[in-house]
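# what follows is a predicted protein model with its sequence.
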Amino acid sequence: MKILLFGKNGQVGWELQRALAPLGELIALDKHASGGLCGDLTNLEGLADTINQIKPDVIVNAAAHTAVDKAESEPELARTINALACGVMAGAAHRLGAWLIHYSTDYVFDGSGTQPWLETDATGPLGIYGATKLEGEQLIQQSGCLHIILRTSWVYAARGNNFAKTMLRLAQERDSLKVINDQTGSPTGAELLADVTAHIIRTARQKPEVSGIYHLVASGETSWHSYASFVLEQARSTGLALKVGNSDIHPVPTSAFPTPAKRPHNSRMNTTKLENTFNLTMPGWQNGVTRMLAETL
């Protein structure tokens with residue numbers, strides 16, 4: 001099996017290089033790809049040429065414009081990367097008879113209510129990022145290619161920056177923290193996303209009928225405030241000196257931190273379809289965060 005991976009140096013892409021390597025020949029690209037290959041999602045012609053040149057059995061797209069606030073001021077760039085590039089990949093996959101694995105987001109929903117989102121729920125993005133990710137999904141579906149679209153949320157990794165690392169740094173610098181407590185979701189590790197993706201690819205290659213959209217997050221739910229409290233509690237248990245105590249982490253509403261893009265309050269995702277289709281059980285979000293902290297601290 002020949003796998004073409006885009007976005008190899010992102011949080012998910014980095015873990016995918018590890019998880020996909022045992023499945024076959026892996027060609028992993030980023031936007032600075034050389035040797036006549038193109039991994040730059042703003043170069044749609046180069047993207048199509050690269051896919052046609054490599055002729056992969058599976059295309060995995062882990063590249064995206066993920067700067068949610070920045071997308072509000074550069075909608076065309078966000079649309080090119082998050083939507084039009086997906087259309088190019090999907091069209092090429094359809095012609096080659098290849099699978100396309102693509103990552104999407106809970107931001108395609110409006111964040112209302114308290115129930116975990118189902119794949120069949122009505123979408124309603126609040127901003128440019130969510131709208132362009134939704135358009136990307138639609139272009140993939142319309143292409144007729146075999147595809148797995150994995151919607152996820154609150155992604156983190158040991159590599160690079162993440163919410164937990166930011167909280168740890170601030171807790172060593174400040175006497176108190178204000179953390180949002182009216183957004184709810186499930187912190188999901190890039191490692192989990194990559195391992196589940198590898199499992200899905202093995203199944204999908206034998207069962208074309210599994211083509212479709214799935215929700216993939218760790219199990220359980222938390223707020224950013226509770227997430228921060230958990231992280232600092234774990235850090236204290238290792239002996240890390242923090243200025244901030246439990247009572248110094250103050251819950252505040254989303255409105256306390258105005259941003260160009262609206263954030264969804266409800267990022268809960270129902271993973272029943274994924275678990276039943278691929279015979280999986282999602283681990284609790286605390287498992288992955290604890291593991292990531294063990295690597296970080």
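Thanks, I have the structure now.

# spit out the contact partners of His215.
For His215, the contact set (C-beta atoms under 8 Å, 6 or more residues apart in numbering) comprises 116-119, 150-152, 269-271, 273-274. All C-beta spots, glycine's among them, are computed from the backbone N, C-alpha and C.

# take these and keep only those in helices.
Secondary structure from DSSP state H places 273-274 of these in helices.

# among the contacts of His215, the buried ones, what's the PyMOL command?
Buried subset of those, written as a PyMOL selection, criterion 16 or more other C-beta atoms under 10 Å:
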select buried, resi 116+117+119+150+151+152+269+270+271+273+274
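
# dump the contacts of His215 into a markdown table; add pLDDT and distance to Leu192 as well.
Putting these into a markdown table (pLDDT from 0 to 100; distance: C-beta to C-beta, whole Å) gives the following:
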| residue | pLDDT | distance to Leu192 |
| --- | --- | --- |
| Pro116 | 98 | 17 |
| Trp117 | 98 | 18 |
| Leu118 | 98 | 20 |
| Glu119 | 98 | 19 |
| Leu150 | 98 | 11 |
| Arg151 | 98 | 14 |
| Thr152 | 98 | 9 |
| Met269 | 98 | 13 |
| Asn270 | 98 | 17 |
| Thr271 | 98 | 11 |
| Lys273 | 98 | 17 |
| Leu274 | 98 | 12 |
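
# quick one: low-confidence parts of the stretch 51-200 of the chain?
Applying pLDDT under 70 to the stretch 51-200 of the chain flags no residue at all.

# all helices of it, in order?
In the stretch 51-200 of the chain, the helices defined using DSSP state H, counting those that start in this stretch lie at 68-71, 75-79, 85-96, 128-143, 163-173, 190-204.

# quick one: the longest one to helix 85-96, angle?
Compare the direction of helix 128-143 with that of helix 85-96 by axes from the mean of the first three to the mean of the last three C-alpha atoms, to 10 degrees and you get 20 degrees.

# residues contacting helix 128-143, please?
For helix 128-143, the external contacting residues (C-beta under 8 Å, 6+ apart) are 64-68, 71-72, 75, 78-79, 81-87, 89-91, 93-94, 100, 102, 104-105, 107-109, 123, 125, 147, 149, 213, 261.

# now swap in the first one and tell me
With C-beta under 8 Å, 6+ apart as the contact definition, helix 68-71 has outside contacts at 65, 77-78, 107, 127-129, 132, 259-261, 263.

# still on that earlier bit, tell me which of the contacts of His215 is nearest to Thr296?
Thr152 (20.7 Å; C-beta to C-beta).

# so the closest one touches Thr105, yeah?
Yes: with contact defined as C-beta atoms under 8 Å, Thr152 reaches Thr105; the gap is 6.7 Å.

# which one of the helices of the stretch 51-200 of the chain lies nearest to Gly46?
Among those, helix 85-96 comes nearest to Gly46, with 9.7 Å by C-beta to C-beta.

# now do that closest one: everything it contacts.
Contacts with helix 85-96, where a contact means C-beta under 8 Å, 6+ apart, come from 6, 41-42, 44, 47-48, 51-52, 55-56, 59, 61, 63, 98-100, 102, 136-137, 139-140, 142-147.

# any chance of the helices of the stretch 51-200 of the chain in a markdown table, with mean neighbour count and distance to Phe230 too?
Below are the helices of the stretch 51-200 of the chain laid out as a markdown table (neighbours: other C-beta atoms under 10 Å; distance: least, C-beta to C-beta, whole Å):
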| stretch | mean neighbour count | distance to Phe230 |
| --- | --- | --- |
| helix 68-71 | 18 | 23 |
| helix 75-79 | 17 | 32 |
| helix 85-96 | 22 | 34 |
| helix 128-143 | 22 | 26 |
| helix 163-173 | 17 | 9 |
| helix 190-204 | 20 | 17 |
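
# reformat those helices as TSV; add distance to Glu295.
Formatted as TSV, these follow (distance: least, C-beta to C-beta, whole Å):
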stretch	distance to Glu295
helix 68-71	26
helix 75-79	31
helix 85-96	32
helix 128-143	28
helix 163-173	11
helix 190-204	10
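
# quick one: closest of these to Ala157.
helix 190-204 (3.8 Å).

# could you identify the helix or strand that succeeds the closest one?
With elements assigned by DSSP states H and E, the helix or strand that comes after helix 190-204 is strand 212-215.

# now that next one: average pLDDT?
Across strand 212-215, pLDDT averages out at 98.

# partner strands of the helix or strand following it, parallel or antiparallel?
Later in the chain than strand 212-215, the nearest helix or strand by DSSP H and E is strand 222-223. Paired neighbours of strand 222-223 in the sheet (DSSP bridges): strand 184-185 (antiparallel).

# bridging residues for the nearest residue to Thr114 once chain neighbours are set aside?
Of all residues not flanking Thr114 in the chain, Asn266 sits nearest, at 6.1 Å (C-beta to C-beta, 6 or more residues apart in numbering). Beta-bridge pairing of Asn266 under DSSP bridges involves Thr184.
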